[in-house]
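Colleague: whatever this is, show me its structure:
(chains A, B and C)
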Amino acid sequence: MKSVLPILTIVGAILLIWVVAVIPMNMHLTADQAQRDGLVVTPATPAERQGYSGLGLSFANPDLIPLTYNLDRPRLPSPHQVAGEMWDTIALRNVTSRQSLVYHGWVTLSSTLVGFVIGTTLGILLAIGIVHNRAMDMSVMPWAIASQTIPILALAPMIIVMMGQFGIQGLLPKAVISAYLSFFPVVVGMVKGLRSPDAMQMDLLRTYYASASQGFWKLRLPASVPYLFASFKIGISAALVGAIVAELPTGARAGFGARMLVGDQYGNPLVTWAALFAAAITAAALVAIFTAMERLTLRRMGMAAA
Amino acid sequence: MTGPALISVLAVWAVGWFINAQLAASRVADTRIVRLLVPVIFGLTFVLIWELLVRMTGVSPIVLPPPSMIAERFANSLPILWADFQQTIIKGAMTGYVIGMICAFAVAILADRSDFLTRGILPVGGFMAALPIVGIAPIFVRWLGSDWQSKAAVVAVMVFFPILVNIVAGLRDTSAMQRDLMRTYGAGYWQTLFKLRLPAAMPFIFNGLKIATTLALIGAIVAEFFGSPTVGMGFRISTSVGRLALDMVWAEIVVAAIAGSTLYGAVAWVEGRVTFWHPSQRK
Amino acid sequence: MTADTVISAQGLNLTFQTNDGPVHALKDVDLDIRKGEFVSFIGPSGCGKTTFLRCIAGLETPTGGTLTVNGMTPDQARRARAYGYVFQAAGLYPWRTIGGNVKLPLEIMGFSKAEQAERVARVLALVDLAGFEKKFPWQLSGGMQQRASIARALAFDADILLMDEPFGALDEIVRDHLNEQLLALWARTEKTIGFVTHSIPEAVYLSTKIVVMSPRPGRITDVIDSPLPKERPLDIRDSKEFIDIAHRVREGLRAGHVDD
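Modeller: The predicted structure is shown next:
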């Protein structure tokens, strides 16, 4: 708990930088608007103002600064505008409405979760195979590790199109992308976890003449639990990124990715920013849920000092 | 699926697997060559089955191009692929990676003198690293234009947090005994930093740098989905997908895979040189 | 080799192939251990004492000679669960309570639930850990953890107990105490014990037979049958007999050194 104050300090500093940055970022737009509204702006014409930096223009027009925080279509929305937009689209809309971020969030989240479940299940199964079969280990493991170094996310648009050609649309193609993004981290993490018992532990089981399945259930599997949760946390964030990116290049009409794209294309930055923050909150919540589950499980297993 | 296709696919699989099972069970299984050969055979088997499946079943090569078609496309499009590579990897990803890394080092060193700040940076940075930061791409494209500068900015932000967290965590990873030893020498802050804490932090720092290579490529490619000049890997992927030229998409993915593993390998190579003393690097 | 011989090694050899060429870990080892003996293996590191114990346990395969345990090959003996093994570290599962750890071999060997509970209670009492059944390993001191691992080795009532430097990581006061307890336990259970150590007083205090070994190649240089009585209070270590045996062990170790 002693890090609460430092964390708040860092978050406060980030917010402060954001709030200050709003002024120069939005000053040109504000000045143009103020001119149209008949206020006195120095210099007087947009062409002349192009020669100024945002900062220089702010110093020339200090009385316009408050206006930079309330533009309809700002370059950089201020924190209260983003918060307001989020309040609007999360709390004040019916959750089934296309205007509701909860609706879009659920679209993204559902394919994330479906994909995550598929990816982690397959990942755990493959890891079990790798640990028990040497040929599988030598054949597959180098590829699983190499897959961590290449941007497999780039496959996303093609998966959507390929599956679309077979008439599969909607949740499933996105789930497939989430699945393969969470699959590899889980394979690598679980293999590490299932191999984490040291030679002495394995020898102990040999002195008992324990079978391979007894070794798996009594030693390897429980020993791998901390690694499993670490992989889950990586996997779920990767799955969410996968689902969002899958919504981008394909003209999806719902989901966080679609909202970001819509806000961008219709010049409505507030929509983009609200979707971005909602996605970040979703990711944080998912990771937090797994962290809590991890803590609970490890404590119940006696692996974490209470 | 037709009968002959099924039989030939199963036959190829059986042969590949038989060779690998024999190699893995043989006495030479632990030699370098076999360790390399087994995954290569697995990969070749996989590619061969892919080729057979597409050719012998009715799958349209438009939907799933066979490897031979991808290889042909790759060979015929080298100038385009090279231009895309330069635009996305060199200008976008690498520039952003270097900027993000420099910023992370600067912030880490600045914050390092205050225990209060590091205790705040670690959880906040770790939290940020888990977020879908790639979503800032449309905003940056709007601010900085559609050329590589906006991609570099996205990459810089994406790689910043994991590198920062690893530097800060690494700098804290010295034992009280090691620090006391430096104190008995009357070493100052900078001496302790350069003689003890930075070298001790290197395994952490390289871990962050390695994670960041993949993030950099993802950022540079995905950011191009939001707007780019008519060159770049992300641009080529999204337009080729639109024209159903999936062989070109696969060719770009091959480039991305080669670039990704090369970058990672390069960082890992430097790591091996710098942290040769660490247990994980010793042979 | 007599009728009550439990472990018998004849011309035992073990060579490891390493990158630096073959290493002769055991060379021409002959040894008979009779039922109920407490045998210590002592020598500098690299003398093959742990390797020999692992051969008896069937964890390593000798490259030459014969080795029988209860008249079987070591591997058959392992499958028959003929011995309990105690490692240098307690190696308790952090996710199991002390009782759960002791129960582990019983579960693997298929004892009934009722018998598991009964045996766990009995062996924990034997090592003075009654009442700690529900604790987790990290809530116990190092000495108590090692006692729990001994209880784990005793739980399935094998006649042989193989111990590989079980007290090596503990401080001297705790070690003295555990040595006393181990002797009492041995007297009560009449097990045959093979005990690897690099402490001369520990070897002399515990053993009825001391096997002195030396390295490169690993071999036996002396076998001392202890004249000390079975009842051994701690202050027996100040007696003339004790000091004489300790001296002979030290001589044996030194002789082994001159050879290389």
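Colleague: now the end-to-end length of stretch A:151-162.
Modeller: End-to-end distance for stretch A:151-162, by Cα to Cα, to the nearest Å: 19 Å.
Colleague: tell me how far that stretch is from the chain's mean position?
Modeller: 18 Å (Cα atoms, centre = their mean, to the nearest Å).
Colleague: what does stretch C:103-112 give?
Modeller: Taking mean C-alpha positions (Cα atoms, centre = their mean), stretch C:103-112 and its chain are 22 Å apart.
Colleague: quick one: end-to-end distance for stretch A:85-98.
Modeller: Separation of the first and last residues of stretch A:85-98 by Cα to Cα is 15 Å.
Colleague: can you list contacts of it?
Modeller: A:77, A:99-103, A:106, A:254, A:270-271, A:273-274, A:277-278 (Cβ atoms under 8 Å, 6 or more residues apart in numbering or on different chains). Using the backbone N, CA and C atoms, a C-beta is placed for each residue, glycine as well.
Colleague: which one of those residues is nearest residue C:32?
Modeller: Proximity of those to residue C:32 (Cβ to Cβ) peaks at residue A:106, which lies at 75.6 Å.
Colleague: in contact with the closest one, which residues?
Modeller: Applying Cβ under 8 Å, 6+ apart, the residues near residue A:106 are residue A:95.
Colleague: got a pLDDT number for it?
Modeller: With respect to pLDDT, residue A:106 scores 90.
Colleague: for it, give its distance to residue C:193.
Modeller: Noted for residue A:106: a distance of 66 Å to residue C:193, by Cβ to Cβ, to the nearest Å.
Colleague: and the stretch 1-150 of chain C, which residues reach chain A?
Modeller: Residues of the stretch 1-150 of chain C found near chain A (Cβ under 8 Å from any Cβ of the partner chain) are C:54, C:57-59, C:78-79, C:81, C:83-85, C:87-89, C:91, C:93-97, C:104-105, C:107-109, C:136, C:138.
Colleague: and the residues you listed, which are buried?
Modeller: Those of the residues of the stretch 1-150 of chain C next to chain A that meet the buried threshold are C:54, C:57-59, C:78, C:81, C:83-85, C:87-89, C:91, C:93-97, C:104-105, C:107-108, C:136, by 16 or more other Cβ atoms under 10 Å in any protein chain shown.
Colleague: give me the subset of the residues you listed lying in strands.
Modeller: Assignment to strands by DSSP state E places the following of these there: C:83, C:84, C:85.
Colleague: quick check, nearest of those residues to residue B:32?
Modeller: Lowest distance from residue B:32 to those (Cβ to Cβ) belongs to residue C:85, with 35.3 Å.
Colleague: tell me how many other residues surround the residue nearest to the closest one when sequence neighbours are not counted.
Modeller: Excluding its sequence neighbours, the residue lying closest to residue C:85 (Cβ to Cβ, 6 or more residues apart in numbering or on different chains) is residue A:207, at 4.3 Å. With neighbours defined by other Cβ atoms under 10 Å in any protein chain shown, the count for residue A:207 comes to 23.
Colleague: and the stretch 1-150 of chain A, which residues reach chain B?
Modeller: Counting by Cβ under 8 Å from any Cβ, the residues of the stretch 1-150 of chain A that sit close to chain B are A:2-3, A:5-11, A:14, A:75, A:134-135, A:137-143, A:146, A:148-150.
Colleague: restrict those residues to those near chain C?
Modeller: Applying Cβ under 8 Å from any Cβ to these, none is adjacent to chain C.
Colleague: buried among those residues? Need that as a selection in PyMOL.
Modeller: To isolate the buried members of the residues of the stretch 1-150 of chain A next to chain B in PyMOL, using 16+ other Cβ under 10 Å:
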select buried, chain A and resi 6+7+9+10+75+134+135+137+138+139+140+141+142+146+148+149+150
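Colleague: helices - which of the residues of the stretch 1-150 of chain A next to chain B land there?
Modeller: Judged by DSSP state H, those include A:5-11, A:14, A:134-135, A:137-143, A:146 as members of helices.
Colleague: the host helix or strand of residue B:220 close to chain A?
Modeller: Using DSSP states H and E, residue B:220 sits in helix B:198-224. Yes: shown here: helix B:198-224 in contact with chain A (Cβ under 8 Å from any Cβ) through B:210, B:213, B:214, B:217, B:218, B:221, B:222.
Colleague: I'd like to know how far the nearest residue to the second one once chain neighbours are set aside sits from residue A:126.
Modeller: With Cβ to Cβ, 6+ apart as the criterion, residue B:213 has its nearest non-adjacent residue at 4.3 Å, and that residue is residue B:263. Between residue B:263 and residue A:126 the distance is 26 Å, computed by Cβ to Cβ.
Colleague: who has more neighbours, those two?
Modeller: Just comparing residue B:263 and residue A:126: by other Cβ under 10 Å the higher neighbour count belongs to residue B:263, 23 against 20.
Colleague: residues touching the closest residue in space to residue C:87 that isn't next to it in sequence, list them.
Modeller: In space, residue C:87 comes closest to residue A:200 once its chain neighbours are excluded; the distance is 5.1 Å by Cβ to Cβ, 6+ apart. Taking Cβ under 8 Å, 6+ apart, we find residue A:200 in contact with C:87, C:88, C:89, C:91.
Colleague: what stretches of chain A score poorly on pLDDT?
Modeller: A:1-2, A:249-252, A:304-306 (pLDDT under 70).
Colleague: could you list the domains of it?
Modeller: Domains of chain A are assigned by automatic domain parsing as A:4-74, A:101-300.
Colleague: surely residue C:3 is within a strand?
Modeller: No: assigned with DSSP: H, G, I helix; E, B strand; the rest coil, residue C:3 falls outside any strand and is coil.
Colleague: identify the residues contacting residue A:257.
Modeller: Per Cβ under 8 Å, 6+ apart, neighbours of residue A:257: A:108, A:243, A:244, A:245, A:246, A:247, A:248, B:135.
Colleague: in the stretch 101-250 of chain C, what residue comes closest to chain A?
Modeller: residue C:136 (4.1 Å; Cβ to the nearest Cβ).
Colleague: now that residue: closest residue in space that isn't a chain neighbour?
Modeller: Nearest one to residue C:136, counting by Cβ to Cβ, 6+ apart, is residue A:302 at 4.1 Å.
Colleague: ok, is stretch B:35-52 in contact with chain C or not?
Modeller: No: interface with chain C: stretch B:35-52 contributes nothing (Cβ under 8 Å from any Cβ), its closest point being 15.8 Å away.
Colleague: you'd agree residue A:149 is up against residue B:261?
Modeller: Yes: counting by Cβ atoms under 8 Å, residue A:149 touches residue B:261, with 4.9 Å between them.
Colleague: buried residues in whichever strand or helix holds residue A:125?
Modeller: Here residue A:125 is covered by helix A:101-132, with elements defined by DSSP H and E. Of the residues in helix A:101-132, A:101-116, A:118-120, A:122-124, A:126-128, A:130-131 count as buried by neighbour count, 16+ other Cβ under 10 Å.
Colleague: quick one: it to helix A:134-147, angle?
Modeller: Here the directions of helix A:101-132 and helix A:134-147 differ by 140 degrees (axes from the mean of the first three to the mean of the last three Cα atoms, to 10 degrees).
Colleague: do you know how far residue C:125 is from chain B?
Modeller: Distance, residue C:125 to chain B, using Cβ to the nearest Cβ, to the nearest Å: 41 Å.
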